[in-house]
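Participant: sequence isn't available, so here's the structure alone:
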């Protein structure tokens, strides 16, 4: 397939003129709120930490077969809009693979942060002084908190999740009939945790005291408990893969008995291309309640699950059904929606967003038949489109059909570029690539840029070893065209690491969720001392002209009433007192701010 050029402009701006999202926004609408995070993160446990004023999401790392899950990580944000990932340093003796369903909490009295994973066939717990760690095993010796069969049965180690009720910390756990709850005790001096055996409500258990929960129905795994208005709600997931969903039950005590409520909070929605939402945690922020869950990547390639969030509402014991959306908290009203609106309004402009792009190729979606929940998905040519790399949508990505693969963004003008941020498909893996640039005078359009041999190096990560996301490359240059060439990545290739139900090519996974470019939105102007105003003159009224350095510092301000008929003495080289160079120019007319040629300034816009 030859190079492909795509434009987001007509596609992007027409549906956004109303400045609000419909709740049923299309899955590939630019700047969608769901998925919330790029990459493949499943079983999300969301924590708002009032100490740091930030949100943290701990999750299973996907993108490889579920029996291999590795690469422990945490996503974090202070505004719920701009998210970054950081790898977690777990206790050295913990297994390095089969790391599933983490859960995190800040202890209500000792102030430590606790993190629990189900790993292999046991539940491990650690503590730290910050949400990032480093993490110390919270059980004496090199031991897990408990192992399979020590609470209610063989599947009791699956999906433990913290629940804080006033000053007491519990955790729910288990699968199907083995789903239960246990209480934790913490040593105030060592901060170590044990399963408490003093609560008389915990009347079950093999090696440790717990309570097998009764009254549940359609419960497979992924339990999560919370309290509202004196009632205890337990949510859990049912079915599997693309048909996953979340159901719940209610009780007057965390130990039950529970009453099943026949409502599905989030579920598959073919109309909105939402597949398999499930395994959730619950966030209370202000007076708002939110369900944080994963869903399958669209089109379906199990297991590539992605974290989403939506608001839920209550009417007594009834929780809003069918709460899954593509817009997420990017629309609607509520405390988290207000925080997101502020974050979106104040975020640094991404100069690449919605701009014209051209790529070496676009990979096909290859389709196939899912095995667990049998269903056939048709192939789609050029599914992983070039424009998906500049659309601020974590549910879309650009994938080249072969490597190396390049993507060129036309910023439509020369800009002062300060950094690029690239989010690759598997956010905790290492990708190798190069970034290059051209100024507008070096190529007359994006097709000419593609054929150019004059590209300048911006960043060379052909030997990259960094596994954080996004990957940030910083340098100050002037450019109109930015080019990223993806070379290779440290991705799973062996059968013990890779066994997706619907197989994908290696190149499909060396792909880009977002390629962002940051700098100044003002056009760049070139000033040469001694030029006569007639050489570059704008005939029109204006109020003032400012000259800025490339770092954004104001150097000079000039006020004039009219460019027409001026003499060389109006703005002379000695009057400006600056050497020849490249400067940011801002000129304001009586009607509006504008950038235009004037006084020997050859502005490019």
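Facilitator: Received, thanks. Model, not experiment: these values are computed from the prediction. Numbers count the residues shown, from 1 in each chain.

Participant: residue contacts, residue 59?
Facilitator: By CB atoms under 8 Å, 6 or more residues apart in numbering, the contact list for residue 59 reads 41-45, 73, 75, 102, 294, 307. To be clear about C-beta, it is placed using only N, CA and C from the backbone, and glycine gets the same treatment.

Participant: repeat for residue 106
Facilitator: Here residue 106 is in contact with 47, 49, 51, 112-114, 131 (CB under 8 Å, 6+ apart).

Participant: how much space separates the nearest residue to residue 510 once chain neighbours are set aside from residue 75?
Facilitator: Closest residue in space to residue 510, ignoring its immediate chain neighbours: residue 489 at 4.8 Å, by CB to CB, 6 or more residues apart in numbering. For residue 489, the distance to residue 75 (CB to CB, to the nearest Å) stands at 20 Å.

Participant: which of these two has more neighbours?
Facilitator: Neighbours per residue (other CB atoms under 10 Å) separate residue 489 from residue 75, with residue 75 holding more: 23 against 20.

Participant: which of the helices or strands spans the more buried one?
Facilitator: Secondary structure assignment for residue 75, by DSSP states H and E: strand 73-77.

Participant: give the partner strands of that strand in its sheet and their orientations.
Facilitator: strand 54-61 (antiparallel), strand 84-87 (antiparallel) (DSSP bridges).

Participant: where does the closest residue to residue 184 other than its chain neighbours land in three-state SS?
Facilitator: Residue nearest to residue 184 in three dimensions, not counting chain neighbours: residue 169, with 4.7 Å by CB to CB, 6+ apart. Three-state call for residue 169 (DSSP: H, G, I helix; E, B strand; the rest coil): strand.

Participant: quick check, the residue nearest to residue 510 in contact with residue 429.
Facilitator: Yes - the pair residue 489 and residue 429 qualifies as a contact (CB atoms under 8 Å) at a distance of 5.8 Å.

Participant: beta partners for residue 261?
Facilitator: Beta-bridge partners, per DSSP bridges, of residue 261: residue 248.

Participant: so who does it touch?
Facilitator: Applying CB under 8 Å, 6+ apart to residue 261 gives the contacts 247-250, 317-319.

Participant: show me which of these is closest to residue 285.
Facilitator: Using CB to CB, residue 319 is the member of the contacts of residue 261 that lies nearest residue 285, at 16.6 Å.

Participant: could you find the closest non-adjacent residue to residue 130?
Facilitator: For residue 130, the closest residue by CB to CB, 6+ apart turns out to be residue 113, at 6.7 Å.

Participant: for that neighbour, phi and psi?
Facilitator: Reported as degrees, to the nearest 10, the phi and psi values for residue 113 are phi -100, psi 140.

Participant: hmm, it is touching residue 126, no?
Facilitator: No - taking CB under 8 Å as the definition, residue 113 is not a contact partner of residue 126, at 9.0 Å.

Participant: more neighbours, the two?
Facilitator: Taking other CB under 10 Å, residue 113 and residue 126 do not tie; residue 126 has more neighbours (25 against 21).

Participant: quickly find the element holding the more buried one.
Facilitator: Using DSSP H and E, residue 126 falls in strand 122-128.

Participant: name every strand pairing with that strand and say which way it goes.
Facilitator: Strand 122-128 pairs in its sheet with strand 113-119 (antiparallel), strand 136-137 (antiparallel), strand 146-147 (antiparallel), by DSSP bridges.

Participant: tell me the pLDDT at the residue nearest to residue 184?
Facilitator: We have a pLDDT of 98 for residue 169.

Participant: you'd agree it is up against residue 107?
Facilitator: Yes - counting by CB under 8 Å, residue 107 is a contact partner of residue 169 at 6.6 Å.

Participant: overlap in contacts, those two.
Facilitator: The contact sets of residue 169 and residue 107 overlap at 114, 186 (CB under 8 Å, 6+ apart).

Participant: make sure I have this right: residue 337 is in a helix.
Facilitator: Yes - when classified by three-state DSSP, residue 337 is found to be part of a helix.

Participant: distance of it from residue 286?
Facilitator: Residue 337 is 10 Å from residue 286, by CB to CB.

Participant: and the two? Which one has more around it.
Facilitator: Ranked by neighbour count (other CB under 10 Å), residue 337 and residue 286 place residue 337 first, with 20 against 11.

Participant: helix, strand, or coil at the residue nearest to the more buried one when sequence neighbours are not counted?
Facilitator: Residue nearest to residue 337 in three dimensions, not counting chain neighbours: residue 329, with 5.0 Å by CB to CB, 6+ apart. At residue 329 the chain is in helix, as set by three-state DSSP.

Participant: can you offset everything so residue one is 36?
Facilitator: With 36 as the first residue, the last one maps to residue 364.

Participant: how about residue 364, what does it touch?
Facilitator: By CB under 8 Å, 6+ apart, residue 364 lies in contact with 68, 115, 325, 344-346, 371-372, 375.

Participant: can you name the residues that contact the residue nearest to residue 165?
Facilitator: 84, 139-142, 162-166.

Participant: dig out what it forms beta bridges with.
Facilitator: Under the criterion used (DSSP bridges), residue 148 bridges to residue 141, residue 163.

Participant: ok, now how distant is it from residue 204?
Facilitator: Separation of residue 148 from residue 204 (CB to CB): 12 Å.

Participant: any common contacting residues for these two?
Facilitator: With CB under 8 Å, 6+ apart, residue 148 and residue 204 have common neighbours 140, 142.

Participant: just the mean pLDDT for the strand or helix carrying residue 135, thanks.
Facilitator: In the assignment (DSSP H and E), residue 135 maps to strand 134-141. Averaged over strand 134-141, pLDDT sits at 97.

Participant: what's the angle from that strand to strand 148-154?
Facilitator: Inter-element angle recorded for strand 134-141 and strand 148-154: 160 degrees (by axes from the mean of the first three to the mean of the last three CA atoms, to 10 degrees).

Participant: could you check how far residue 124 is from residue 108?
Facilitator: With distances taken as CB to CB, residue 124 is found 11 Å from residue 108.

Participant: same question but for residue 510, I mixed them up
Facilitator: From residue 510 to residue 108 the distance is 27 Å (CB to CB).

Participant: more neighbours: which of those two?
Facilitator: Set side by side, residue 510 and residue 108 give different neighbour counts by other CB under 10 Å, the larger being at residue 108 (24 against 13).

Participant: was I right to think that one contacts residue 119?
Facilitator: No - with contact defined as CB under 8 Å, residue 108 does not reach residue 119; the gap is 10.3 Å.

Participant: now the helices for this structure?
Facilitator: Using DSSP state H, the helices of the chain run over 44-48, 370-381, 481-486, 541-544, 608-611.

Participant: restricted to buried residues, select the contacts of residue 296 in PyMOL.
Facilitator: Buried subset of these, written as a PyMOL selection, criterion 16 or more other CB atoms under 10 Å:
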select buried, resi 282+283+284+285+352+354
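
Participant: ok, residue 492 - how many residues close by?
Facilitator: Residue 492: 11 neighbours (other CB under 10 Å).

Participant: that one and residue 469 touch, don't they?
Facilitator: Yes - between residue 492 and residue 469 there is a contact under CB under 8 Å: 7.1 Å.

Participant: any idea how many residues pack against the closest residue to residue 504 other than its chain neighbours?
Facilitator: Nearest non-adjacent residue to residue 504, counting by CB to CB, 6+ apart: residue 462, 3.6 Å away. Around residue 462 there are 27 other residues, counting by other CB under 10 Å.

Participant: list the contacts for residue 462?
Facilitator: Contacts of residue 462 (CB under 8 Å, 6+ apart): 73-76, 108, 120, 504.

Participant: and it, how far is that from residue 72?
Facilitator: 8 Å.

Participant: flag the shaky bits of the stretch 86-235 of the chain, pLDDT-wise.
Facilitator: 98-102 (pLDDT under 70).
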